[in-house]
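Colleague: Mind looking at a prediction? Sequence and model below.
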Amino acid sequence: MRRVSLPKSRRILLIAASVMAVLLAATAAQTLTGRTPARAGTTTPSAATISCQQLTGLDLTGLPDAPTKIISATHVPATAGKPAYCQVKGYVSPQIQFELRLPEQSWTGRYVQLGCGGFCGFAAPDNPNHFLPGGCAPPDDGRVVLGASNGGHIGVDSRDALWAHSDPQLRVDMAYRSEHVTALVAKAVTKAYYGQAPRYSYFAGCSNGGRQALMEAQRYPDDFDGIIAGAPGNNLVALAGEFFPWIATVNIDGKGRQILGPDKLPLLQSKVMEACDAGDGLTDGLINNPRDCDFDPGTLRCPTASPQPTCLTRDQVDVVRKIYQGPVDAKGRRLFPAGLAKGTEAAWLGYVIAPQGQTGGLEALGYNYLKYFSSWTNPPASYTLKDHRFDLRTFKKLREMSGIYDSTDPDLTRFRDRGGKLIMWHGWSDPAIPTESTLAYHHALTQRMGGPEATGRFARTFLFPGVYHCVQGYGPDTFDLFTPVYDWVEKGTAPQKIIAAKKNGDRTVRTRPVYPYPMQTRYTGTGSIDDAANFTGVMPSKQSDDSYPWVGAPFRSGYQQTCHWEGTKLKCTRSRSA
């Protein structure tokens, strides 16, 4: 989901140095998966073969499955450090708005499409809804064709869902169609403008954009050569229908007041770090694997019934335990794979805990999902989260929409076989989407695709300690995933580690390597703990259980639905691919 409104000091996105590099020539040698690059490298930039304005006359109304209208094509002059480009805006029927930015002189053959967070609603690639890996600046340097869509609808903000109230097609477009048809249109426009289609196509998204990323790999494996899926909300039905409402309701008393307030978060975070920071053998302000943290909030319970600044009341202890636990029914059966990890507390304000006079981010997302598009029919106008029931009957009803919203299919055979490469990533301190939800999918993917070694040839997962939801964190939170995915796709060089940095303004104060899961980062014992060079990757002596038993497990194939209109009714059929 999209990052919710937070105090200004915590909303400033860290901007990394440009991640774009000149593409090296492709070789004739086979890659690690046996794929031979079929096209030449991109060391020589390409220029447009027609004027930008001529694209307004491009007729794409007959594009199969994506009837498209170009609204405008505008020349944007060069600025300092950025070449001129052609800005194309349009829409795919009925409401999938898109924006493309095509370099006029310096295109290097890549197309990069950005996913959208929350419920989206905005098409501009530089809109904050289009999260990027590790706080990186958009790859909008005049060397790649850049594209993004609004997810199929117009929204007031990324939590708005009124658009879905009475329009099933818009629900389908948000679910799986918008990114696919945007890719089709972008490639058609690119070919018309340069006289050639993109040599390589990439997709990068976080939160809902991570869900979209995995949807592309599962349903449309031919759309993109490389995909970056960050903090994916791919188990959307259970996430928005169970986890978000749980987080919102467990912290509300009988009078509608928050039980655990913002004032207790610094205390909670400090005690968690005090208990678990050194668990990995190094006291560095980070928890490498929160699952090894056995902190019990009961140790903070006040000795008397009177609230005190340095302790928690009995009800507050109960709230914290339920947040760590995640949603369950009356018999203790899990309705989502996990709760929030220990070490996320510093980021609860705005997501879990509502700032004074506001609505918590997860509460708004959960309510709007259940109110407007959790099923083909809407609940009564009087519906509130108080009406939600955490039981198997409700869970099964919600799961009826899994076939269009969820991207949990572990079978990526077609994506792998055509040479696709996938990088999944998640911050261990994510306060919106539990990191263990990504590990549950990683586990299913690894089992289905032949084990860790076979899966690692085309898909790798990276977990970043101390990183919040898509951006920021108290750990090293700035990193580049574009260069690694480019190198993997175009040169066959798989990412062995990702170097993350912590910035203080323009100054780097700490770097730390992160290795493909399940490898862990370990200090060599000498040198500064703020220098990535003094760390190495090791396999854990004991592997964690990533199966995460819950009522929706295990993830399987064959649940997807494809929808189309028959007369005046939207018909959906079960199918593995669209």
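Modeller: Thanks, I have it.
Colleague: and the residue nearest to Ala183 when sequence neighbours are not counted, how far is that from Val485?
Modeller: With C-beta to C-beta, 6 or more residues apart in numbering as the criterion, Ala183 has its nearest non-adjacent residue at 4.5 Å, and that residue is Asp223. Every residue, glycine included, has its C-beta placed from N, CA and C. Distance of Asp223 to Val485, computed by C-beta to C-beta, to the nearest Å: 15 Å.
Colleague: tell me the contacts of the residue nearest to Ala183?
Modeller: By C-beta atoms under 8 Å, 6 or more residues apart in numbering, the contact list for Asp223 reads Glu179, His180, Ala183, Leu184, Ser201, Phe203, Glu216.
Colleague: Going by distance to Ala123, which of these wins?
Modeller: Comparing the contacts of Asp223 against Ala123 with C-beta to C-beta places Glu179 closest, at 11.9 Å.
Colleague: Wait, that closest one touches Gln113, no?
Modeller: Yes. Assessed by C-beta atoms under 8 Å, Glu179 is found in contact with Gln113 at 6.9 Å.
Colleague: Give me the common contacts of these two.
Modeller: With C-beta under 8 Å, 6+ apart as the test, Glu179 and Gln113 both reach Phe203.
Colleague: mind listing what Leu162 touches?
Modeller: Val156, Tyr372 are the contacts of Leu162 under C-beta under 8 Å, 6+ apart.
Colleague: Mind picking out the helix or strand in this structure with the poorest mean pLDDT?
Modeller: The helix or strand of the chain with the lowest confidence, counting by mean pLDDT, DSSP states H and E, is helix 8-11 at a mean of 37.
Colleague: And for the residue nearest to Phe373 when sequence neighbours are not counted, the neighbour number?
Modeller: Using C-beta to C-beta, 6+ apart and skipping the chain neighbours, the partner closest in space to Phe373 is Ala164 (3.7 Å). Ala164: 24 surrounding residues under other C-beta atoms under 10 Å.
Colleague: returning to what we had before: can I get the contacts of Asp223 in CSV including pLDDT?
Modeller: As requested, the contacts of Asp223 are arranged in CSV below (pLDDT from 0 to 100):
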residue, pLDDT
Glu179, 98
His180, 98
Ala183, 98
Leu184, 98
Ser201, 98
Phe203, 97
Glu216, 98
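Colleague: Hmm, Val272 is touching Cys293, no?
Modeller: Yes. Under the criterion of C-beta under 8 Å, Val272 makes contact with Cys293 at 6.9 Å.
Colleague: what touches both of those two?
Modeller: What both Val272 and Cys293 touch, as defined by C-beta under 8 Å, 6+ apart, is the set Ile287, Lys342, Gly343.
Colleague: closest to Asp531 among the contacts of Asp223?
Modeller: Phe203 (33.1 Å).
Colleague: Doesn't that closest one lie inside a helix?
Modeller: No. According to DSSP: H, G, I helix; E, B strand; the rest coil, Phe203 belongs to no helix; its state is strand.
Colleague: What about Leu214, how many residues nearby?
Modeller: 28.
Colleague: Any buried residues in whichever helix or strand Cys563 is part of, and which?
Modeller: Per DSSP states H and E: Cys563 is located in strand 561-566. By neighbour count on 16 or more other C-beta atoms under 10 Å, the buried set for strand 561-566 is Gln561, Thr562, Cys563.
Colleague: Which positions in stretch 63-77 come out as buried?
Modeller: Ala66, Thr68, Ile70, Ala73, Val76.
Colleague: so the nearest residue to the fourth one once chain neighbours are set aside, which of the three states?
Modeller: The shortest distance from Ala73 to any residue that is not its chain neighbour, by C-beta to C-beta, 6+ apart, is 3.9 Å, and that residue is Leu55. Of the three states, Leu55 takes helix under three-state DSSP.
Colleague: Lys191 is in contact with Leu55, correct?
Modeller: No. Leu55 lies out of contact with Lys191 (C-beta under 8 Å); the separation is 11.3 Å.
Colleague: out of the two, which sits in the busier spot?
Modeller: When Leu55 and Lys191 are compared on other C-beta under 10 Å, the one with more neighbours turns out to be Leu55, at 21 against 12.
Colleague: distance of the more buried one from Asn127?
Modeller: Distance from Leu55 to Asn127, by C-beta to C-beta: 22 Å.
Colleague: Reformat the buried residues of strand 561-566 as TSV; add pLDDT.
Modeller: Shown next, in TSV, are these (pLDDT from 0 to 100):
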residue	pLDDT
Gln561	97
Thr562	96
Cys563	96
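Colleague: Run through the strands of the stretch 151-300 of the chain in chain order.
Modeller: 200-206, 226-230 (DSSP state E, counting those that start in this stretch).
Colleague: no wait, the stretch 301-450 of the chain
Modeller: All strands of the stretch 301-450 of the chain, identified by DSSP E, counting those that start in this stretch, fall at 421-427.
Colleague: and Ser158, what does it touch?
Modeller: Contacts of Ser158 by C-beta under 8 Å, 6+ apart are Met1, Arg2, Cys116, Gly117, Gly118, Phe119, Cys120, Gly121, Phe122, Asn129.
Colleague: nearest residue to it other than its sequence neighbours?
Modeller: Gly118 (2.7 Å).
Colleague: what about the one you found, distance to Gly205?
Modeller: Distance from Gly118 to Gly205, by C-beta to C-beta: 12 Å.
Colleague: for Ile228, same thing?
Modeller: Taking C-beta to C-beta, one finds Ile228 at 7 Å from Gly205.
Colleague: ok, those two, which is more surrounded?
Modeller: Taking other C-beta under 10 Å, Ile228 and Gly205 do not tie; Gly205 has more neighbours (31 against 28).
Colleague: Now do the same contact list for the more buried one.
Modeller: Leu114, Gly115, Cys116, Gly117, His130, Phe131, Arg211, Gln212, Ala213, Ile228, Ala229, Gly230.
Colleague: Nice, that's everything, thank you.
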